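A.B. asks: below is the sequence, then the predicted model.
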Amino acid sequence: MAGAHRAVAHRAGVVVTAAIARAGRAFGRFWLDFLVGDTPELFAVTLVVVAISFGLASVPRAVAVVVVPLLAFGAVVWSAARGRVRQR
Amino acid sequence: MTTSEWVLMAAVFGASTVEMVEALTIVLAAGTSRGWRSALEGAAAAVGVLGVLVAAVGVPLVRYVPIDALRVVVGALLLSLGMSWLRKAWLRASGHKALHDEDAIYAETVAGLAVDGPRVRTRDPVGFAVAFKGVFLEGTEVVLIVISLGASQGRLALASLAALAALVMVVVVGAIVARQLSKVPENLIKLVVGIMLTSFGLFWVGEGAGIHWPGSDLFLLALVGSLVVLTSVVVPWLARTAPSRTAPVSS
């Protein structure tokens, strides 16, 4: 009797663990797709923009105000141009 | 209202419209092929879960996380998402990538559901699950945008209101046009929202990192304007090397 109870509890534990693992994988896939998707270069550029923004915060304002937006704009143009070349 | 609040509302409204049109397509397909009761219940359940998510994640973010840290993190999130949308919209507008076609998604979903069994009049778990999944997945993106934009400016209620307005508009328009969702100029909306999200992302990453933008909130308009000008140059440039117009795709 006790053995049967243990078996049922074990099966339930396995089912719950598998469900949690599935949910965890789905959660990871969602974030990977949401943040990186098919443009990993833009995700990398975002990290660079964040780092450069901190680096330029203490230099004269005009430098940061020009460099940070230009970096992001240039990255999108470059990424779009790469997307164009790949499909030709 | 300040300039950034207007831009915030427009960005949330536009982004929510794009995602909700995609969700509505799936709900319409589930409703017509599996019965409306289950499809509407599935959609309503997903909206309820998303509402709980906004309250559970958004409110503590606004109250307990230091504003500069929050701005850097959500700014980076918005910048990444915005640049990706902008790139996709440029490639679609220039003919390098096929336009998104809601009619194709509708037909594909209906065909898939028809394989799973005939239309039923009572509660149908398949119709419920398909509608729930569609609304939940697209809605999660809306929630992330609402929380990011709303929390960074301490205007979660305003951002939620803009998303709610988009929901009402999409549902009303959806009820009127039913299966003609392909008429919604999705790429144009995606382009505008991509410009706004990129601008907000840059602005907040900079603010959070300690950069003082000239003109404060007004600098957002300068970023938006620069991206509009850049778009008007880049799209024709990309179009010069485009193949003949690509057939629409469903994803």
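C.D. replies: It's in.

A.B. asks: show me where pLDDT drops low in the chain?
C.D. replies: Because you didn't say which chain, this covers chain A. A:1-2, A:85-88 (pLDDT under 70).

A.B. asks: actually, chain B is the one I wanted.
C.D. replies: For chain B, the stretches flagged by pLDDT under 70 are B:62, B:100-107, B:110, B:112-122, B:177-184, B:244-251.

A.B. asks: hmm, stretch A:51-63 touching chain B?
C.D. replies: Yes - applying Cβ under 8 Å from any Cβ of the partner chain, one finds stretch A:51-63 in contact with chain B at A:53-54, A:56-58, A:61. The C-beta positions use only the backbone N, C-alpha and C, and glycine is treated the same way.

A.B. asks: helices - which of the residues you listed land there?
C.D. replies: Judged by DSSP state H, the subset of the residues of stretch A:51-63 next to chain B located in helices is A:53-54, A:56, A:61.

A.B. asks: how about whichever strand or helix holds B:V142: buried residues?
C.D. replies: When elements are defined using DSSP states H and E, B:V142 is found to belong to helix B:125-152. By neighbour count on 16 or more other Cβ atoms under 10 Å in any protein chain shown, the buried set for helix B:125-152 is B:126-128, B:130-132, B:134-136, B:138-152.

A.B. asks: please state the offset of that helix from the chain centre?
C.D. replies: Relative to its chain's centre, helix B:125-152 lies at 10 Å (Cα atoms, centre = their mean, to the nearest Å).

A.B. asks: what's the helix or strand hosting B:G51 packed up against?
C.D. replies: Counting by DSSP H and E, the element that carries B:G51 is helix B:36-53. Helices and strands touching helix B:36-53, by 3 or more Cβ pairs under 8 Å, 6 or more residues apart in numbering or on different chains; DSSP states H and E, are helix B:3-34, helix B:125-152.

A.B. asks: so which elements touch the first one?
C.D. replies: Using 3+ Cβ pairs under 8 Å, 6+ apart, the elements in contact with helix B:3-34 are helix B:36-53, helix B:102-115, helix B:125-152, helix B:156-177, helix B:186-209, helix B:219-239.

A.B. asks: between those, which one is closest to A:A18.
C.D. replies: The stretch from the helices and strands packed on helix B:3-34 with the least distance to A:A18 (Cβ to Cβ) is helix B:125-152; that distance is 18.8 Å.

A.B. asks: hmm, the closest one touching chain A?
C.D. replies: Yes - Helix B:125-152 comes into contact with chain A (Cβ under 8 Å from any Cβ), by way of B:137, B:140-141, B:144.

A.B. asks: those residues: which two are farthest apart?
C.D. replies: Set against one another by Cβ to Cβ, the residues of helix B:125-152 next to chain A have their most distant pair in B:L137 and B:L144, with a gap of 11.5 Å.

A.B. asks: the stretch 51-200 of chain B against chain A: which residues are in contact?
C.D. replies: B:72, B:75-77, B:79-81, B:83-84, B:86-87, B:90-91, B:94, B:96-97, B:137, B:140-141, B:144, B:198.
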